[in-house]
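Asker: just need the structure, nothing else, for what follows:
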Amino acid sequence: MPAAQLTPPPGVIVVFSDIWCSFAHIGVHRLHEARARLGLEERVSFDHRAFPLELLNDAPSPRPGTDSEVGRMAALEPEAGWQLWQAKDWLYPSTTLPALEAVQAAKEQGTRASEQLDLALRRAFWAESRCISHRKVILDAAEATGAVDVDRLAEALDDGRARRALSEQAAIARTDRVVCSPHLFLPDGTDHANPGIDVGWQGSYGIGWPVIRSDNPKAYEELVLRAAA
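Answerer: Numbering: from 1, shown residues only. Predicted structure coming up:
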């Protein structure tokens, strides 16, 4: 999709993000919570697009970076689900591309299937210390949602039918239209990078830690309402 065509139809919020981005974990959790509080599950949907950090940075996301974020970000939104990595070191995921591809592949089954798989994979990584690079972990997460036909998803992963969409989204993520994870695009033509959170960093990534200058969780309610309108 050309970078100029990022404005979704009414009732849809486009969400560019990566799964191992802690800010996106908060953002997606807040989107779901805001939509539920407002009773707009049937009127607003989330169109997840990939912002693959490993492709943009030409390297896998360093574990010291994600470890350094857990404590600070969990304090902002504990209900999203967090823990320091508890599995064996060699099970830490080296890539999120298979998981991001699976979220795109699930769209064949509808937006809700894609939304629920995306949410399950974020929790699998951040709250359950599961290797979301692994095919079985992805399919187990899909089955646990109760919203995804696992056999259909497995077929889509086997033939790679969603890989082109993933590559096209990565190309858009490289442009200046999408600046971070998460970055939301609304039907009214506006876009919002990391809504509600103003963040800095103490020290270099993977050595220092995030410094939250301000946080407004209510920002997501406004965005959901605007999408519904």
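
Asker: Ala106 and Leu84, how far apart?
Answerer: Applying Cβ to Cβ, to the nearest Å, the value for Ala106 to Leu84 is 29 Å. Glycine gets a C-beta too; all of them are placed from N, C-alpha and C.

Asker: quick one, which of these two is more surrounded?
Answerer: A side-by-side neighbour count of Ala106 and Leu84, using other Cβ atoms under 10 Å, places Ala106 first with 28 against 10.

Asker: that one and Ala142 touch, don't they?
Answerer: Yes - applying Cβ atoms under 8 Å, one finds Ala106 in contact with Ala142, separated by 7.1 Å.

Asker: common neighbours of those two, please.
Answerer: Residues touching both Ala106 and Ala142 (Cβ atoms under 8 Å, 6 or more residues apart in numbering) are Leu117, Val148, Leu153.

Asker: doesn't the last one lie inside a strand?
Answerer: Looking back up the chat, that one is Leu153. No - assessed with DSSP: H, G, I helix; E, B strand; the rest coil, Leu153 is helix; it does not lie in a strand.

Asker: which pLDDT value goes with it?
Answerer: Here, the pLDDT recorded for Leu153 equals 98.

Asker: for it, give me its contacts.
Answerer: Ala102, Ala105, Ala106, Gln109, Leu117, Leu139, Ala142.

Asker: find the residue closest to the fourth one in space, skipping its chain neighbours.
Answerer: Excluding the flanking residues, the one nearest Gln109 by Cβ to Cβ, 6 or more residues apart in numbering is Asp149, at 5.8 Å.

Asker: look up how far Ser114 lies from that neighbour.
Answerer: 12 Å.

Asker: look at the two and report which has more neighbours.
Answerer: Set Asp149 next to Ser114 and count neighbours by other Cβ under 10 Å: Ser114 wins out with 23 against 15.

Asker: ok, the helix or strand hosting Asp198: who's next to it in the sheet?
Answerer: According to DSSP states H and E, Asp198 maps onto strand 197-202. Strand 197-202 has the following sheet partners, assigned by DSSP bridges: strand 209-215 (antiparallel).

Asker: how about the strand it pairs with: buried residues?
Answerer: Neighbour-count burial for strand 209-215 flags Trp209, Pro210 (criterion: 16 or more other Cβ atoms under 10 Å).

Asker: would you mind writing the CA trace of that strand as CSV?
Answerer: C-alpha atoms of strand 209-215 as CSV (Å, rounded to 0.1, in the frame of the first residue of the first chain):
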residue,chain,number,x,y,z
TRP,A,209,16.3,3.0,31.1
PRO,A,210,13.2,4.9,29.9
VAL,A,211,12.2,8.1,31.7
ILE,A,212,8.5,8.9,31.5
ARG,A,213,7.9,12.6,31.5
SER,A,214,4.1,12.4,31.3
ASP,A,215,1.5,9.8,30.8
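
Asker: mean confidence (pLDDT) on it, please.
Answerer: Throughout strand 209-215, pLDDT has a mean value of 90.

Asker: by how many degrees do the next helix-or-strand element following that strand and strand 197-202 diverge?
Answerer: Sequence order places helix 219-228 as the next helix or strand after strand 209-215, per DSSP H and E. Inter-element angle recorded for helix 219-228 and strand 197-202: 140 degrees (by axes from the mean of the first three to the mean of the last three Cα atoms, to 10 degrees).
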